[in-house]
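Q: Using only what follows, build the 3D model:
(chains A, B and C)
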Amino acid sequence: MKKVLFATTALVFSAGIAAAEVSVGGDGRMGVVYNGTDWNFSSRIRVSFTASGTTDGGLEFGGSMRADQATAATNGTAASVYISGAFGKLSMGDVVGAPEALFGDYYEVGYTDLSSMGGLGNDIQYLTGDNGGDVGASAITDTNTQQVLNTGPNLLYTGTFGAFSVAASMSDGKAGSTDASQEYAIAGAYTFGNYTVGLGYEYLDATVFDIPAPGNDPVVLGTGKADMVTLAGVAQFGNTSVKAHIAHAGKDLDIDYYGIGASSVFGATTVGGYVQHAKDKIDNTDVTWYGLGAEYDLGGGATIKGGVADNDISGSDMVADLGVKFSF
Amino acid sequence: MKKVLFATTALVFSAGIAAAEVSVGGDGRMGVVYNGTDWNFSSRIRVSFTASGTTDGGLEFGGSMRADQATAATNGTAASVYISGAFGKLSMGDVVGAPEALFGDYYEVGYTDLSSMGGLGNDIQYLTGDNGGDVGASAITDTNTQQVLNTGPNLLYTGTFGAFSVAASMSDGKAGSTDASQEYAIAGAYTFGNYTVGLGYEYLDATVFDIPAPGNDPVVLGTGKADMVTLAGVAQFGNTSVKAHIAHAGKDLDIDYYGIGASSVFGATTVGGYVQHAKDKIDNTDVTWYGLGAEYDLGGGATIKGGVADNDISGSDMVADLGVKFSF
Amino acid sequence: MKKVLFATTALVFSAGIAAAEVSVGGDGRMGVVYNGTDWNFSSRIRVSFTASGTTDGGLEFGGSMRADQATAATNGTAASVYISGAFGKLSMGDVVGAPEALFGDYYEVGYTDLSSMGGLGNDIQYLTGDNGGDVGASAITDTNTQQVLNTGPNLLYTGTFGAFSVAASMSDGKAGSTDASQEYAIAGAYTFGNYTVGLGYEYLDATVFDIPAPGNDPVVLGTGKADMVTLAGVAQFGNTSVKAHIAHAGKDLDIDYYGIGASSVFGATTVGGYVQHAKDKIDNTDVTWYGLGAEYDLGGGATIKGGVADNDISGSDMVADLGVKFSF
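A: The predicted structure follows:
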């Protein structure tokens, strides 16, 4: 339905085209990764598209999408669109939940972030956002054969008014016309001098599905409810930035989390690390995980970066990597 | 087979590289959609690549491809290449059939076009083009478990000579080395003042396949023949554009179609709509479907757009949407 | 885990972003292909991303990735990243083996290269690189239901020092944490006047897998070892370039290869061709295949190109194509 020589459609679209633009960037990396047994190669390149424009009334809008080299059956990923102005920014698509939008994660250790290597990684655990938060999918279902389905798109609002930052997010609770997980979250942060403190609340009314065999549709296994309160703070001391958080996941869950991370910049060198702890009071299990890394900025968008990560789960090995990261 | 330091290949390709160029654009949208039962979020971003160049002799060539955010197992979509000059334009790939190339569709209602929501949409029904025309796949097979396979690429010629526009299209009737549907179509249009009238003829020698389970190849279920005559006209009255068409699908089919649509531009506001009707004289069934929408141009490529669509099929609900569209 | 308003992560990444850049190019083609029985349409467009940057110390780095229109379940393909300097160039990803990096292939015949049409094509057969070399996958397993798995990424080093070019490549012998094929290769070339000669050695310690049904994991069927010695030479006589090679694959294989190709440029016209021969002394079978083609440069990146290819395998037909190629 393209290329129309004479058409009503063509006439009505002639105004308002093309003042906006798309910029192309990306990132690459190459190096070696130790998975606890062997050192292997690991490389990746990703291309990112960032679109932006401004309406006649001064509102900004745009979107972003990534084309990955991965051979998985996905096309553009991490895709979202937004419109913003004095009121703040409204984003829809693969967006994070409100607390994650304000508090982020700890210093990323290693050139691959090592979170896929058995280390639990620098991510702070959140309940909502981006097709199922970190806690939602794993802790509620407690097995690798179940998942909390939220097919998105999600909606995220963020705004900064003087020293205050606020965020709110929600899912629409539908996967097509099927009921899926409903998520709501709000968060706020206040900055005074070199200190920022923030508080977030997330609510998840989860529909739990099995993870289907290829070609089959997921089957609803049941439902569950969870919420999460997160208190986070960041402080800047000279070249050193310190972040800490404590969180509690309740309702059908009963898990306590806390963590602390720091990074320091010495000229072209940055060193950083984190320690996180989680205690599941229903299963009566707990885990501590940590990472330590360093990077050296070569300039022009290239960085040498490496790190080690481990946890106290019995039978789990330390993982490590060392490589070069590119930003285009 | 890349990056060759010394190679015959490299030598013979050294001439004629890179005078052509690729521009990156795209579109985005975000908003809410009513599916007859619930209001849900819907957002999308797509990146489009448009390549073009000119030979030393003044012929133009190029192509286009889209990278979608969709998670389906497809990469670039809507991909085609072309070469053009004083003789007209020859396109190959995911191209429409000849009548659709000249007559197009009705005014698109809603920011998502609502055609996937149970409304039958603003598309005029054609028999050929773009991996199976609108009528071909659904009407000939009459079930959701059969399809008319035309794996493309298709060939489309369009040309404009003074007041006359002509188009011709065909498929090659093969999916790899297997017989698949053969399509031919021609169309012409004549413009006088603010009026354009056109006539098109399409012929489909269809091979009907089942829709296979994932991982299996399609199985041939049978064959069928169909043709279609379409008469279309467009008139421009001041700010208002009106389009109408009548069509008949014959041979193994016996379906009559007619429709009318209009759109009017008032400054930054455009309103438009359509009504279409189809009567299948073999099944003795008929359906009328319609849509009404409006949009407001915010400038810079952003538009607020919404619409409602419905049909008279029993048990079917009205659908609606309201959102923002971006053009990059 | 994006869009962080205040975060340690954000702080430490503020340096060294964005001096590098990504350029967008691509290629297209359209025409007709004779598969031995029918003439069919064939068209394609691909978009390529080439990223590059320079560190403060003068090292160059970058990467490349392709977005194809193909409907197969792959995203970006032919993806690799590199870092280079006075020491040479180190690439990781979908890279070729060391001999192929130096010696390349014969003149590409036809606008589609015809290698997928039953002709065996202009590719020189190598043992390693790019997810399984040409010989490795087919000759070792000897059936279409087995494959030599090397999931990459592979590492390739190339360097040119005066008249000498050297290359070395290896795989990491792992597919995730599973043993996969281990590959090593080295190659060298020396240029004197219009002549270049080169020698390469490849070693493959193969793990042979079945080709699994969709949705299943590959199963290890056994292991095998192979090596390959390749001697290649190129000479330039005026407008004519001639390339030849002889090679032997040994250990679990016993195959002799030789081939010769040439191309000549007459103004905007280039003609070229190749003959290749392989003799499997274990199966006591042999095959000769050849191709002949011509192209005419239209300027601006557009070329008319066509060719014919055939082999002496009984029951196999000549294939041919004729079309237009675009380079953006």
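Q: Tell me where chain A has helices.
A: Secondary structure of chain A, counting by DSSP state H: helices at A:8-12, A:98-103, A:134-135.
Q: So is the second one next to chain B?
A: No. Using Cβ under 8 Å from any Cβ of the partner chain, no contact is recorded between helix A:98-103 and chain B, whose separation bottoms out at 15.5 Å. C-betas here are computed from N, CA, C, even on glycine.
Q: who does that helix touch, helix- and strand-wise?
A: Other helices and strands packing on helix A:98-103, by 3 or more Cβ pairs under 8 Å, 6 or more residues apart in numbering or on different chains; DSSP states H and E, are strand A:154-161, strand A:164-170, strand A:182-192, strand A:195-210, strand A:220-237.
Q: got the CA positions of the third one in CSV?
A: The reference is to strand A:182-192. Extracted in CSV, the C-alpha atoms of strand A:182-192 (Å, rounded to 0.1, in the frame of the first residue of the first chain):
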residue,chain,number,x,y,z
GLN,A,182,-0.9,-5.1,35.4
GLU,A,183,1.9,-2.8,36.8
TYR,A,184,1.9,0.6,38.5
ALA,A,185,4.8,2.4,39.9
ILE,A,186,5.6,5.9,41.2
ALA,A,187,8.9,7.4,42.4
GLY,A,188,10.3,10.7,43.6
ALA,A,189,13.8,12.1,44.3
TYR,A,190,15.1,15.3,46.0
THR,A,191,18.6,16.7,45.4
PHE,A,192,20.4,19.0,47.9
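Q: For the residue of the stretch 51-200 of chain A found nearest chain C, give its distance to B:Met228.
A: Nearest residue of the stretch 51-200 of chain A to chain C (Cβ to the nearest Cβ) works out as A:Gly104 at 3.1 Å. Computed as Cβ to Cβ, to the nearest Å, the A:Gly104 to B:Met228 distance reads 57 Å.
Q: out of these two, which sits in the more crowded spot?
A: B:Met228 (28 against 24; other Cβ atoms under 10 Å in any protein chain shown).
Q: The more buried one contacts B:His245, correct?
A: No. Using Cβ atoms under 8 Å, B:Met228 makes no contact with B:His245, being 11.3 Å away.
Q: Which residues does A:Gly259 form beta bridges with?
A: A:His245, A:Gln276 (DSSP bridges).
Q: can you count the residues close to it?
A: So A:Gly259, with other Cβ under 10 Å, has 24 neighbours.
Q: And the residue of the stretch 51-200 of chain A closest to chain C, what's its pLDDT?
A: We have a pLDDT of 92 for A:Gly104.
Q: mean pLDDT for the helices of chain A: which is lowest?
A: Between the helices of chain A, the lowest average pLDDT goes to helix A:8-12, which shows a mean of 32.
Q: Correct me if wrong: A:Thr54 contacts B:Gly300.
A: Yes. Counting by Cβ under 8 Å, B:Gly300 is a contact partner of A:Thr54 at 5.0 Å.
Q: Which residue of the two possesses the greater neighbour count?
A: Taking other Cβ under 10 Å, A:Thr54 and B:Gly300 do not tie; B:Gly300 has more neighbours (23 against 18).
Q: Give me the pLDDT for the more buried one.
A: Predicted confidence (pLDDT) for B:Gly300: 86.
Q: Also A:Phe328?
A: Per-residue pLDDT puts A:Phe328 at 82.
Q: what number of residues lie near it?
A: 27.
Q: Roughly how far does it sit from A:His245?
A: Using Cβ to Cβ, A:Phe328 is found at 32 Å from A:His245.
Q: Show me what from the stretch 151-300 of chain A comes close to chain C.
A: Neighbours of chain C within the stretch 151-300 of chain A, by Cβ under 8 Å from any Cβ: A:156, A:158, A:160, A:165, A:167, A:189, A:191, A:196, A:198, A:213-215, A:234, A:236, A:241-243, A:261-263, A:265, A:268, A:270, A:272, A:295, A:297-300.
Q: Mark which of the residues you listed are buried, thanks.
A: With neighbours counted by 16 or more other Cβ atoms under 10 Å in any protein chain shown, these contain buried members at A:156, A:158, A:160, A:165, A:167, A:189, A:191, A:196, A:198, A:234, A:241, A:243, A:261-263, A:265, A:270, A:272, A:295, A:297-300.
Q: Could you restrict those to the ones contacting chain B?
A: Of these, not one also sits near chain B (Cβ under 8 Å from any Cβ).
Q: what bridges to the residue of the stretch 201-328 of chain A found nearest chain C?
A: Among the residues of the stretch 201-328 of chain A, A:Gly299 lies closest to chain C, at 3.0 Å counting by Cβ to the nearest Cβ. With DSSP bridges as the criterion, A:Gly299 is bridged to A:Ala302.
Q: my read: it touches C:Asp56, true?
A: Yes. Look at A:Gly299 against C:Asp56 with Cβ under 8 Å: they come within range, at 3.0 Å.
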